[in-house]
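Q: Okay, predicted coordinates and the sequence, questions at the end:
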Protein chains: 2
Amino acid sequence: MTGTADPRPGSPRGEETRTLILDTAERMFVERGYSGVTMRALTAEAGVNLAAVNYHFGTKDALLLEVFRRGSLAINRERARLLREAEALAAPGTAPVRDILRALFEPPLRATLAGGEASGGRSIYMQFVARAALDGPAEMRTMLERDVRHLERFVAALANALPALSRPELLWRFHFAMGVLHSIYHDLKRLDALADGVCDMSDADAIIGRVVDFAVAGLEQPLPLG
Amino acid sequence: MTGTADPRPGSPRGEETRTLILDTAERMFVERGYSGVTMRALTAEAGVNLAAVNYHFGTKDALLLEVFRRGSLAINRERARLLREAEALAAPGTAPVRDILRALFEPPLRATLAGGEASGGRSIYMQFVARAALDGPAEMRTMLERDVRHLERFVAALANALPALSRPELLWRFHFAMGVLHSIYHDLKRLDALADGVCDMSDADAIIGRVVDFAVAGLEQPLPLG
DNA sequence: GTCTATACTTAGATAGAC
DNA sequence: GTCTATCTAAGTATAGAC
């Protein structure tokens, strides 16, 4: 009713088209995988012209980057909020390891597990990382490195919670903890194949608890003798 | 001197050509990434005709699968050998968790870390998994599932070593432990970005020790109260 | 059974009209 | 901003030489 809406095909819609493409891309990438979605199929599904993607985003890779950026922004905001919450409950610089990890893990896990067990293997995050690491242009790697900045707050909080660890020791353990998180993005299919159905993939809360438990154990393990 | 060798271009070389393509593909995939290697660049580098890949392997995806299969075979053989070795040293069914994990992790880590720190992000394993999960044909996923069979021996050994764990509990922990292993394949770049160079990526033995330590801590953690 | 030259098809990118 | 037409690159298929 603002006068800007104009659903006639061929008429300028501006931001609407852009958002429409983003939403359609996010859904289709998860359903069929990045290279399983052709620009032609994507634009047909969204009801926009083939060239519209190139106009609004430049390239198909840039579109994936934008889909990722949008989701990543929301997740990192939620992570920061949960971390502040955890720190507010404790004395300054003494938030427990478990609460820090929960703040770091819960938002992305909820986002990934929300789509049902099957979507884990095709999360936008995984597709973006895979594409960036394997073949993508430099901008993708830059984006991932920038994404690392959000993690520094968590490393700092963990350093406070685990003062006995040297910096390399802490960073290695943090890195492994992220690997535990990522095991949910990547290989749930493998677990399913191994498990004969005895592992319940549908209970997000239970999975989050298990992931956090495992990572806490690794982070809090006693120092090796060497 | 057998009479089968015939290095003239255009002459039938049979198995030689096949191996030459495999070796070249393995090297180039790691260097430039799967879709960064065009069939034309690959065949030019190997000094064979463009159609030779299709003749010997069918498709580019099938070539990647073959490169993976060859490497995976060697790794799984070594894993099995190390596991037998660990089990021979202990009383029947009592190999320690640490030795079992070491047998599982050491072969792939050595293979990945051998190429220098940079190659981690582009290991054949990672490229294969990414491609299989995202866009690859069904044969790739089948291959990965078959690869899971090799893991069952390790799950069984761990079940013996950790009799207090229920089957789902054990399988979840095993899955997370694999995530820790995979963190070396995937995201060493991220650790490097976070670490300002304080983490030494060149010492394979030290890294293997750290990975195993972290995973052991997670597997051996006390049972949750719930 | 191997290899080569060449043609086919799809898909992402782009230029210029409107 | 949007659309049509076109370009280019890349994986694949085929027919025939050896």
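A: That came through, no problem.

Q: Just the element for the residue most central in space within chain A, please.
A: With distances taken as CA atoms, centre = their mean, A:Tyr125 lies nearest the centre of chain A, 4.4 Å away. Per DSSP states H and E: A:Tyr125 is located in helix A:124-134.

Q: and the residue of chain A nearest DNA strand D?
A: Minimum separation of chain A from DNA strand D (CB to the nearest atom of the strand) falls at A:Asn49, amounting to 2.9 Å. C-beta: built from backbone N, CA, C; applies to glycine.

Q: gap between the closest residue to that residue other than its chain neighbours and A:Arg70?
A: Leaving aside its chain neighbours, A:Asn49 sits nearest to A:Thr43 (6.2 Å; criterion: CB to CB, 6 or more residues apart in numbering or on different chains). A:Thr43 sits 19 Å away from A:Arg70, going by CB to CB, to the nearest Å.

Q: Likewise for A:Phe128?
A: Distance, A:Phe128 to A:Arg70, using CB to CB: 11 Å.

Q: More neighbours: those two, which one.
A: Applying other CB atoms under 10 Å in any protein chain shown to A:Phe128 and A:Arg70 shows that A:Phe128 carries more neighbours, namely 25 against 14.

Q: tell me the SS of the closest residue to that one other than its chain neighbours?
A: Among residues not flanking A:Phe128 along the chain, A:Phe68 sits closest, at 4.1 Å (CB to CB, 6+ apart). Three-state call for A:Phe68 (DSSP: H, G, I helix; E, B strand; the rest coil): helix.

Q: Return the distance of A:Phe68 relative to A:Glu152.
A: As judged by CB to CB, A:Phe68 and A:Glu152 stand 20 Å apart.

Q: which secondary structure element contains the nearest residue in space to A:Val129 that is not next to it in sequence?
A: If the residues on either side of it in the chain are set aside, A:Val129 comes closest to A:Leu144, at 6.9 Å by CB to CB, 6+ apart. A:Leu144 belongs to helix A:138-161 when elements are defined using DSSP H and E.

Q: Could you show which parts of chain A are in contact with DNA strand C?
A: Within chain A, the positions lying close to DNA strand C (CB under 7 Å from any atom of the strand) are A:35, A:37-40, A:50-51, A:53-54, A:58-61.

Q: what about 6 Å?
A: Contacts of chain A with DNA strand C, taken as CB under 6 Å from any atom of the strand, map to A:38-40, A:50-51, A:54, A:59-61.

Q: So the residue nearest to A:Phe128 is in contact with A:Ser123, correct?
A: No. Using CB atoms under 8 Å, A:Phe68 is not in contact with A:Ser123; the gap is 10.0 Å.

Q: Regarding A:Pro163, what is its secondary structure?
A: Per three-state DSSP, A:Pro163 ends up coil.

Q: What's the local residue count around it?
A: Neighbour count of A:Pro163, defined by other CB under 10 Å: 8.

Q: Check A:Tyr34 too.
A: A total of 23 residues lie near A:Tyr34 under the criterion other CB under 10 Å.

Q: Which residue comes closest to it once chain neighbours are left out?
A: Nearest one to A:Tyr34, counting by CB to CB, 6+ apart, is A:Gln127 at 5.0 Å.

Q: I'd assumed A:Asp61 was in contact with the one you found.
A: No. Assessed by CB under 8 Å, A:Gln127 is found out of contact with A:Asp61, at 11.2 Å.

Q: Counting neighbours, go ahead and name the busier of those two.
A: A:Gln127 (24 against 18).

Q: what's near enough to touch that one?
A: A:29-30, A:33-34, A:64, B:134 (CB atoms under 8 Å, 6 or more residues apart in numbering or on different chains).

Q: Show the pLDDT at it.
A: Among the per-residue scores, A:Gln127 shows a pLDDT of 85.

Q: could you give the angle of the helix holding A:Leu144 to helix A:124-134?
A: Interaxial angle, helix A:138-161 versus helix A:124-134 (axes from the mean of the first three to the mean of the last three CA atoms, to 10 degrees): 110 degrees.

Q: by contact count, what packs against the following helix or strand past helix A:138-161?
A: Heading C-terminal from helix A:138-161, the first helix or strand you meet, by DSSP H and E, is helix A:167-186. Secondary-structure packing of helix A:167-186 (3 or more CB pairs under 8 Å, 6 or more residues apart in numbering or on different chains; DSSP states H and E): helix A:97-114, helix A:124-134, helix A:138-161, helix A:204-220, helix B:167-186, helix B:188-195, helix B:204-220.

Q: Could you list the low-pLDDT ranges of chain A?
A: Along chain A, segments meeting pLDDT under 70 span A:1-12, A:116-121, A:226.

Q: Can you pull the domain assignment for it?
A: Per automatic domain parsing, the structural domains of chain A span A:8-58, A:68-220.

Q: hang on, the earlier thing: buried ones in the strand or helix carrying the residue nearest to A:Asn49, by neighbour count?
A: Assigned by DSSP H and E, A:Thr43 belongs to helix A:39-46. By neighbour count on 16 or more other CB atoms under 10 Å in any protein chain shown, the buried set for helix A:39-46 is A:39, A:42-43, A:46.

Q: between these, which is nearest A:Thr112?
A: Among the buried residues of helix A:39-46, A:Leu42 lies closest to A:Thr112 (CB to CB), at 22.1 Å.

Q: so that closest one touches A:Asp23, yeah?
A: No. Applying CB under 8 Å, one finds A:Leu42 not in contact with A:Asp23, separated by 11.0 Å.

Q: Surely A:Arg40 and A:Ala52 touch.
A: No. In this structure, A:Arg40 is not within contact of A:Ala52 by CB under 8 Å, at 11.8 Å.

Q: coming back round to it: burial count for the residue of chain A closest to DNA strand D?
A: Quick note: A:Asn49 (other CB under 10 Å) scores 14 neighbours.

Q: who are the neighbours in contact with the closest residue to A:Ala90 other than its chain neighbours?
A: Distances taken as CB to CB, 6+ apart place A:Pro96 nearest to A:Ala90, at 6.9 Å, with adjacent residues excluded. By CB under 8 Å, 6+ apart, the residues touching A:Pro96 are A:86, A:90, A:161.

Q: Could you pick out the buried ones from these?
A: A:86, A:161.

Q: Any chance of TSV for the contacts of A:Pro96, columns distance to DNA strand D?
A: TSV is the format used below for the contacts of A:Pro96 (distance: CB to the nearest atom of the strand, whole Å):
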residue	distance to DNA strand D
A:Ala86	41
A:Ala90	47
A:Ala161	47
